[in-house]
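Peer 1: Pasting a predicted model and its sequence here:
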Amino acid sequence: MKPIRTFAKLFILAGVSLFISCTVKPPSEPKDTYHSTQEKSTYTTTIQAEIEKHGTIPVEVVENGKKVKLEVVRSKIDSLDHNQLARVNEFFMNINSEYPSSKDFVFIKYYPGKDRCNSTGGLSRNQIGERDVRFKAEIQKRERMTAAWIYKNDKGLKKYTKEVQWHPDSLQIIENTFFAYHYPCSSYVILHKSGLYYAFFGESSPDKKIKDIEMFTYHF
């Protein structure tokens with residue numbers, strides 16, 4: 001009888017082994033949301049090179065009652081903390097329900113108020129409007145992105161209101177979060193819903209904005 005019992009045990013063990021091999025899957029390879037290590041390194045290098053290429057921009061501040069000029073970085077990549085992100089998301093949900101509910105990115109165009117830079121220039125209101133139409137079309141091509149035009153005060157803003165809707169930064173949420181100074185002309189931020197963002201301060205062309213959008217959003 002022993003050989004029979006031994007055979008039965010072996011048969012049972014073989015069945016258990018077969019069951020386990022069929023039902024237990026080997027661990028899958030970890031998913032890399034942000035491309036390969038080499039691609040991530042290239043991405044970081046590209047953004048850093050872009051930041052360094054644009055160097056600094058002059059801004060005016062008041063110290064002890066006198067205007068003083070400072071040189072500050074013209075662009076940067078940074079991340080919001082939890083409280084900052086909550087305040088910014090609430091701000092946008094009140095003016096643009098697409099972000100962050102159904103869009104991953106928001107492009108923020110920020111007008112700091114009238115200055116010598118944005119109150120001069122050769123473009124007519126119609127030309128500015130045509131440029132805004134083309135830029136809005138570029139944003140709309142990107143399924144994961146929306147845009148918002150924000151102003152600190154509307155003095156001098158009339159020439160820029162032909163094709164886009166501007167929203168007031170009445171509680172200075174956008175200013176206090178992203179803009180430490182009054183940068184000349186206008187500035188922009190490309191914000192991901194995770195809180196990571198890329199900012200460019202001062203005057204820029206539509207082509208520059210599109211280039212930065214493509215550079216930043218490639219990471220995600």
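Peer 2: Right, received. Where do you want to start?
Peer 1: make it CA atoms for all contacts and neighbour counts henceforth
Peer 2: Will do.
Peer 1: contacting residues for residue 128?
Peer 2: 159-160, 162 (Cα atoms under 8 Å, 6 or more residues apart in numbering).
Peer 1: So which of those wins on neighbours?
Peer 2: Greatest neighbour count in the contacts of residue 128, by other Cα atoms under 10 Å, goes to residue 160: 20 neighbours.
Peer 1: just checking, that residue touches residue 124?
Peer 2: No: here residue 160 does not reach residue 124: they are 9.6 Å apart, not a contact under Cα atoms under 8 Å.
Peer 1: The most centrally placed residue in the chain sits in which helix or strand?
Peer 2: Nearest residue to the geometric centre of the chain (Cα atoms, centre = their mean): residue 191, 2.2 Å. Secondary structure from DSSP states H and E places residue 191 in strand 187-192.
Peer 1: Give me the below-cutoff pLDDT ranges for the chain.
Peer 2: 1-36 (pLDDT under 70).
Peer 1: and residue 49, what are its phi and psi?
Peer 2: Torsion angles at residue 49 (phi, psi; degrees, to the nearest 10) stand at phi -70, psi -40.
Peer 1: what about it, how many neighbours?
Peer 2: Neighbours of residue 49 (other Cα under 10 Å): 11.
Peer 1: What distance do you get for it to residue 130?
Peer 2: Using Cα to Cα, to the nearest Å, one gets 31 Å for the distance from residue 49 to residue 130.
Peer 1: Please, where are all the helices along the protein?
Peer 2: 2-23, 37-54, 82-95, 125-140, 173-178, 206-217 (DSSP state H).
Peer 1: For the shortest one, give me every contacting residue.
Peer 2: Outside of helix 173-178, the residues that reach it under the criterion Cα under 8 Å, 6+ apart are 84, 87-88, 91, 152, 169, 189, 199.
Peer 1: quick one: contacts for residue 117?
Peer 2: 184-185.
Peer 1: Report the contact partners of residue 188.
Peer 2: 107-110, 199-201.
Peer 1: which non-adjacent residue is nearest it?
Peer 2: Excluding its sequence neighbours, the residue lying closest to residue 188 (Cα to Cα, 6 or more residues apart in numbering) is residue 109, at 4.5 Å.
Peer 1: same thing with residue 80?
Peer 2: residue 195 (4.8 Å).
Peer 1: That neighbour against residue 83, yeah?
Peer 2: No: contact criterion Cα under 8 Å: residue 195 and residue 83 do not qualify, at 10.3 Å.
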